[in-house]
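Chemist: Sequence first, then the predicted structure, then my questions.
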Amino acid sequence: MAVENYQKMIVWQKAMDVTVMVYSLCRKLPNTELYALQNQMKRAAVSIPSNIAEGQSRTSNREFAHYLSMARGSKAELETQLLLCVKLDYLTSTDISKTMKLLEEISKMLAALIKKKLCQLNSKL
């Protein structure tokens, strides 16, 4: 049974949680990063649930899979930015560990959803 409302999707809910976590982490960054790393991290975080929502609202499995793929890209971008914050000594590994773990869960869920949508697409051909 298809989910008719993206807000009921567990992956979207987890992506929203990650976004809140990232906004909290950004408060720990120096003000010099306000228009650089902080901005990029927030945009990448917001992009994950946004792409899931937009994809679910599309009419085809191909479009949905495309937007899920973009969400995975934003997830990888955010992971990179969090790891960079640790390398720059803005955050610690402990600071980002919960967020990174949740991002890993989201990644697996997105991969499974993409596979499902592509299988549904291929079965219709």
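Modeler: Structure's in. What do you need?
Chemist: Now for residue 54: which residues touch it?
Modeler: residue 67 (Cβ atoms under 8 Å, 6 or more residues apart in numbering). Backbone N, C-alpha and C define where each C-beta goes, glycine included.
Chemist: what about it, which SS state?
Modeler: Under DSSP: H, G, I helix; E, B strand; the rest coil, the three-state class of residue 54 is helix.
Chemist: Now for the spatially closest residue to residue 95 that is not a sequence neighbour: which residues touch it?
Modeler: The shortest distance from residue 95 to any non-neighbouring residue, by Cβ to Cβ, 6 or more residues apart in numbering, is to residue 25 (6.4 Å). Neighbouring residues of residue 25 by Cβ under 8 Å, 6+ apart: 41, 82, 85, 91, 95, 96, 99.
Chemist: so how far is residue 74 from residue 96?
Modeler: Separation of residue 96 from residue 74 (Cβ to Cβ, to the nearest Å) stands at 16 Å.
Chemist: shaky segments in this protein?
Modeler: Residue ranges of the chain with pLDDT under 70: 1-3, 124-125.
Chemist: mind listing the helices for it?
Modeler: 10-26, 37-56, 61-87, 93-124 (DSSP state H).
Chemist: other SSEs contacting the last one?
Modeler: When you say that, I think you mean helix 93-124. helix 10-26, helix 61-87 (3 or more Cβ pairs under 8 Å, 6 or more residues apart in numbering; DSSP states H and E).
Chemist: And these: which comes nearest residue 47?
Modeler: Across the helices and strands packed on helix 93-124, residue 47 has its closest neighbour in helix 61-87 (3.8 Å, Cβ to Cβ).
Chemist: okay, the angle between the closest one and helix 93-124?
Modeler: 170 degrees (axes from the mean of the first three to the mean of the last three Cα atoms, to 10 degrees).
Chemist: Report the buried residues of helix 61-87.
Modeler: 61, 64-72, 74-75, 77-79, 81-82, 85 (16 or more other Cβ atoms under 10 Å).
Chemist: For the residue nearest to the spatial centre of the chain, which non-adjacent residue is spatially closest?
Modeler: Centroid check for the chain by Cα atoms, centre = their mean gives residue 48 as the closest residue, at 3.2 Å. Among residues not flanking residue 48 along the chain, residue 15 sits closest, at 4.3 Å (Cβ to Cβ, 6+ apart).
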